[in-house]
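K.L.:
Model the following, please.
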Amino acid sequence: MSKWFVLEGDWGGQIYATVPVDLTSARRVLAALAIVDAIEWHCNDGEGARAHEMEGEIGEGVDGGMGGGLLTRNLWAHWSLAPMHDWLERFLFGNESLPHFAQMMEWFCSNEWNRAFYADDQGCIAERMCGAFNRATEFLQIKVKLI
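P.N.:
The predicted structure follows:
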């Protein structure tokens, strides 16, 4: 059996991504989780986001809401992350830095639900994206081990 990192939000209500443990680091996983969760479930203010390790086999499903997830040879990401998939893959594999604020705002606004409910509250959105960026930066600077 192999090990994967599983990134989830909304207390397991959405599996964001899975990635083999040997392809990335826990720091990068937690940093990516802070960014992804701020965009997908910003209303939870970071609560309910979690990353953990899972043993399994390629092709095995990951239980969770919104269709769950899948263990693959590389990165598997939920369809709602399509606008940021390329960045997420490069970042997790160590070939990209944290996104710029403008990029985070673009991803946030590419989500139809976000556009519908937060179109008139750009200040709140900007504050949440800045908070997520700061959390991601902190995760990149500490040593962590997921259990």
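K.L.:
model confidence over stretch 66-82, on average?
P.N.:
Here stretch 66-82 scores 96 as its mean pLDDT.
K.L.:
Now for the nearest residue to residue 28 once chain neighbours are set aside, how many residues are close by?
P.N.:
Using CB to CB, 6 or more residues apart in numbering and skipping the chain neighbours, the partner closest in space to residue 28 is residue 92 (5.4 Å). Where C-beta positions appear, they are placed from N, C-alpha and C, glycine not excepted. Around residue 92 sit 24 other residues, with neighbours defined as other CB atoms under 10 Å.
K.L.:
Any figure for the gap between residue 92 and residue 112?
P.N.:
The gap separating residue 92 from residue 112 is 25 Å, by CB to CB, to the nearest Å.
K.L.:
on that earlier part again, contact partners for the residue nearest to residue 28?
P.N.:
Residues near residue 92 by CB atoms under 8 Å, 6 or more residues apart in numbering: 17, 19, 23-24, 28-29, 32, 75.
K.L.:
try it again with 10 Å
P.N.:
Residues counted as contacts of residue 92 (CB atoms under 10 Å, 6 or more residues apart in numbering) are 5, 7, 17, 19-20, 23-25, 28-29, 31-32, 74-75, 77.
K.L.:
per-residue confidence at it?
P.N.:
Looking at residue 92, its pLDDT is 97.
K.L.:
distance of it from residue 47?
P.N.:
For residue 92, the distance to residue 47 - CB to CB - is 23 Å.
K.L.:
do residue 106 as well
P.N.:
Distance from residue 106 to residue 47, by CB to CB: 25 Å.
K.L.:
Helices of the protein, residue ranges please.
P.N.:
Secondary structure of the chain, counting by DSSP state H: helices at 26-40, 85-92, 101-110, 112-118, 122-141.
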